[in-house]
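Colleague: give me a 3D structure for the following:
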Amino acid sequence: GFWGRPFGPIATLKQAGATFEIKTPEEAKKGIGFAVPFATFPQGFSLSQTSAITHTLGVQLGLIGSGSPEESAVANQLMNDTADVFSELTDGKPDERLSKWFEYFGGKLGGQGYFQGDNAGAVDFNLYAVMWTLAKKKEAGKCTGVEVPANLTAWVSKMEANAVVATMIAETVILPPSFI
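Modeller: Next up is the predicted model:
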């Protein structure tokens, strides 16, 4: 198996210590979305799309910075940016373009330890899946010209030391080799 796009939402749930159940796609309510992941929330509504799910979980579980409307909006933007760069990375966009994405994320991170606070949060978990994928592509001799700012490289090391990330990566890969 592999985590795939649900890595961010599942890591967010685990970081918060939330109780949740993973079901098969066949068990999902009909009409939620086109493709997994899907999530049904305790309030009864359902979502698809990794960014929407992770953002909503982050808000509900207190893993979006201070939780202010402004930080929530910034988190929403970063979640969507993460989805965009993940698609571009897996679609094989040019290294120069990918480098610009990582420069952008490095700028958003700045000198902070994490994207929105003192601890890993929803944005961090979503972006970590992208950075893991980039590392695997580089190991496979792809994306060799992609440059990652030093602060983002240091952040990856912090994320790899996170207990949730370390446990999930020890269980299985984010993407199988055929997607790298």
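Colleague: which residue lies farthest from the center of this structure?
Modeller: Distance from the C-alpha centroid of the chain, by C-alpha atoms, centre = their mean, peaks at Lys30 (25.1 Å).
Colleague: find the centremost residue of the protein, please.
Modeller: Against the mean C-alpha coordinate of the chain, by C-alpha atoms, centre = their mean, the closest residue is Asn126 at 1.1 Å.
Colleague: so it is in which element?
Modeller: Element membership of Asn126, judged by DSSP states H and E, is helix 122-139.
Colleague: list the buried residues of that helix.
Modeller: 122-137 (16 or more other C-beta atoms under 10 Å). Quick note: C-beta positions are derived from backbone N, CA and C, even for glycine.
Colleague: and of these, the nearest to Pro176?
Modeller: Set against Pro176, the nearest of the buried residues of helix 122-139 by C-beta to C-beta is Lys136 (10.0 Å).
Colleague: which pLDDT value goes with that closest one?
Modeller: pLDDT recorded at Lys136 is 97.
Colleague: wait, it sits on Leu175?
Modeller: Yes. Judged on C-beta atoms under 8 Å, Lys136 makes contact with Leu175 at a distance of 7.1 Å.
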